[in-house]
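Novice: Starting from these lines, generate the structure:
(chains A and B)
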Amino acid sequence: MLNEKCRILEHVEIGAGYRYIVFDAPKMAAALTPGQFVHVKVPALEPSALRRPFSVFDAEDGRVTVLYKAVGRGTFALNGAKVGDEVSVLGPLGHGFPVKCAGVPLLVGGGYGVAPLHFLAKRLPGEKRLFIGGRTAADLLALDKFAAIDGVKVYTATNDGSAGVKGLVTDPLDDVLIELRGEARKFELFACGPDPMLKAVAMRATGTGSPGWISMDRHMICGVGACYACIQKTVRGNSRCCIEGPVFAAKDLVW
Amino acid sequence: MATPVATASGTFGYGTEYIGAVDYSKLGAVTAKGIRVDPWPGNAMPRHAEVPGGLVNAIGLQGTGVEHFLKFTVPWYAQNVKVPMIVNIWGGSVDEYAAVARRLTEAAHPSIGALEMNVSCPNVKAGGHTFGQDPKVLSEVVSAVRKATTLPLLVKLAPNVPSIAPYVKACEDAGADALSLINTIPAMVIDIERRRPVLANVTGGLSGRGIHPAAVKLVYDAHKATKLPILAMGGVYEAKDAIEFMLAGATAVAVGTATFSDPDVVAKVCDGIVAYCGRHGFASVSALTGALEV
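Specialist: Residues are numbered from 1 along each chain as shown, chains lettered A, B, ... in the order given. Got it, this is the predicted structure:
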């Protein structure tokens, strides 16, 4: 684990309140794996404020990129951070996704939950299918970045039908599951997003006897496994999301 | 203790979680998270709420039990950390307190330097604070643990009592070697939109910056009532906070909630105390204890 002061290299809004923030963090970038997170001290908050955890969207060339949306006090305060500001970043933290896959990788994301899937898609070799869901077209994030990754086929769904299939992200996913099972092809599921979506994906993994890797999002305090605040129920009992997760095997999760 | 700065129970896991982010050479002791005889699941989620000036938590003493602790946690700690460990212990009955103390003492592990009795956790109904709210009951449980261990014994007291002196006296008479002050202050946060408590446990314990002046007062009161050394905790974020504690009568301090925002705060506190001693002509850090002029 590194505890570093990192300079902000870029901080851009990409619409609908979503932002990319890029840190100059060579050691962190080299050490991070997909699905891990960083714990950020938001400069505009009081010095005693708790850190905020963020999934990593990308880690390459000494740069660590986070994709986030302002949803609470910490993220609204982060909106004001300027290029050139120094930020205390703790990481890499947690257990991420496996970066190998027996069969076709099916990546399922909702809203800013696509962030760790982007990092994963870059590291997983070969063909992969990506399913992105959101309330509206504006919540389908990073489509341009995913299009730049080799071997990615993208399926989209929105609640209002403003882009892709009208409905849930599991609608196009189910079509593909039927297709793959018809062809007797193996697959693994990788998911990050809102809890109901994660549960739906986990059920499909366990229901089809396929591996599923589910990234849980919980409010955290320490981020390193010390405080026991970010509990996720698993077959092992009360597991700490920050260190035993955030990525859990679907078969281990208790909903 | 090689330095007068420890970590506070519940904020530093079992001592190895922060490796890489903390300068362990600045730590005098690591206080492990509360351990009892059997595994304990802790409370339901949500377990915390950030508030102005601090943090309200109701983790509920989740832990793996003493056997797992001795078999896996302590050896792993000993391999990685060279700082003595203070093991925080609790139980649901006097016998349970004594049993966990006896087991840890019998293990005679060189990393275990002392025991700290938690008689003041506000988040667990059976055990925890019920033992710290009546000097007679407190005396009984401390005596039982005293008989069960030869390790240095600290008792961590509750802040929410009308006067700390009778509790201090009870611990002293029952054979405690030192006191830890303070535990979290019972607290509650309400989500007014949902008209529900934020914490699943309904209530919790307040820690962090905001409780520091209350803790200083309790340390001051306790120091007047006893010659026992005091390990002071409650809102230590910088050297100034630690020095206040020592001037009020503490022998050492523990950093707790501050670690969450700045894992390396221990080093800053430690260096700041030394610098202060130089600036004010104190020959040693220990000369700060009780050096308050009223």
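
Novice: Which parts of the chain are helices?
Specialist: Assuming you mean chain A. All helices of chain A, identified by DSSP state H, fall at A:26-31, A:73-78, A:114-123, A:143-147, A:170-182, A:195-208.

Novice: that answer is for a different chain, and I need it for chain B
Specialist: Under DSSP H, chain B gives helices at B:66-68, B:74-80, B:94-107, B:135-148, B:165-173, B:212-225, B:239-248, B:258-261, B:265-280.

Novice: Out of the ones you listed, which is the most enclosed?
Specialist: Among the helices of chain B, helix B:258-261 has the highest mean neighbour count (mean count of other C-beta atoms under 10 Å in any protein chain shown), at a mean of 26. The way it works is simple: take the backbone N, C-alpha and C, and place the C-beta from them, glycine included.

Novice: coming back round to it: nearest to residue B:56, of the helices of chain B?
Specialist: helix B:258-261 (13.1 Å; C-beta to C-beta).

Novice: rewinding a little: out of the helices of chain B, flag the one nearest chain A.
Specialist: In terms of C-beta to the nearest C-beta, the element of those nearest to chain A is helix B:258-261, at 5.2 Å.

Novice: before we move on, back to that, just send the helices of chain B back as CSV, with mean pLDDT too.
Specialist: Below are these laid out as CSV (pLDDT from 0 to 100):
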stretch, mean pLDDT
helix B:66-68, 98
helix B:74-80, 97
helix B:94-107, 97
helix B:135-148, 96
helix B:165-173, 98
helix B:212-225, 98
helix B:239-248, 98
helix B:258-261, 97
helix B:265-280, 96
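
Novice: Next, count neighbours for the residue of the stretch 101-250 of chain A at minimum distance from chain B.
Specialist: Of all residues in the stretch 101-250 of chain A, residue A:226 sits closest to chain B, at 3.4 Å by C-beta to the nearest C-beta. By other C-beta atoms under 10 Å in any protein chain shown, 25 other residues sit near residue A:226.

Novice: Can you name the residues of the stretch 1-150 of chain B sitting close to chain A?
Specialist: B:10-13, B:17-22, B:33, B:39, B:41-42, B:45-48, B:50, B:53-55, B:57, B:59, B:62 (C-beta under 8 Å from any C-beta of the partner chain).

Novice: ok, 7 Å please
Specialist: B:10-13, B:17-21, B:41-42, B:45-48, B:50, B:55, B:57, B:59, B:62 (C-beta under 7 Å from any C-beta of the partner chain).

Novice: most neighbours per residue, which of the helices of chain A?
Specialist: Using mean count of other C-beta under 10 Å, helix A:114-123 ranks as the most buried of the helices of chain A, with a mean of 26.

Novice: Where does pLDDT dip in chain A?
Specialist: For chain A, no stretch is flagged by pLDDT under 70.

Novice: and it, what are its domains?
Specialist: Following automatic domain parsing, one finds the domains of chain A at A:2-93, A:104-252.

Novice: Quick check: end-to-end length of the last one?
Specialist: Start-to-end span of domain A:104-252 (C-alpha to C-alpha, to the nearest Å) is 21 Å.

Novice: again with stretch B:148-165
Specialist: End-to-end distance of stretch B:148-165: 25 Å, with C-alpha to C-alpha as the criterion.

Novice: if we can go back for a sec, okay, and which of the residues of the stretch 1-150 of chain B next to chain A map to strands?
Specialist: B:48, B:50, B:55, B:57 (DSSP state E).

Novice: and which of these is nearest residue A:44?
Specialist: residue B:50 (14.9 Å).

Novice: partners of the longest strand along chain A in the sheet?
Specialist: Counting residues, the longest strand found in chain A (DSSP E) is strand A:2-13. Paired neighbours of strand A:2-13 in the sheet (DSSP bridges): strand A:18-24 (antiparallel), strand A:86-93 (antiparallel).

Novice: If you count neighbours, what's buried in the last one?
Specialist: Taking 16 or more other C-beta atoms under 10 Å in any protein chain shown as the basis for neighbour counts, the residues of strand A:86-93 that come out buried are A:87-93.

Novice: returning to that earlier point: in a markdown table: the helices of chain A, plus distance to chain B.
Specialist: Shown next, in a markdown table, are the helices of chain A (distance: least, C-beta to the nearest C-beta, whole Å):
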| stretch | distance to chain B |
| --- | --- |
| helix A:26-31 | 10 |
| helix A:73-78 | 8 |
| helix A:114-123 | 21 |
| helix A:143-147 | 30 |
| helix A:170-182 | 25 |
| helix A:195-208 | 12 |
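
Novice: Can you convert these into CSV and add a column each for distance to residue A:135?
Specialist: Below are those laid out as CSV (distance: least, C-beta to C-beta, whole Å):
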stretch, distance to residue A:135
helix A:26-31, 32
helix A:73-78, 18
helix A:114-123, 14
helix A:143-147, 15
helix A:170-182, 15
helix A:195-208, 12
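
Novice: Good, wrapping up.
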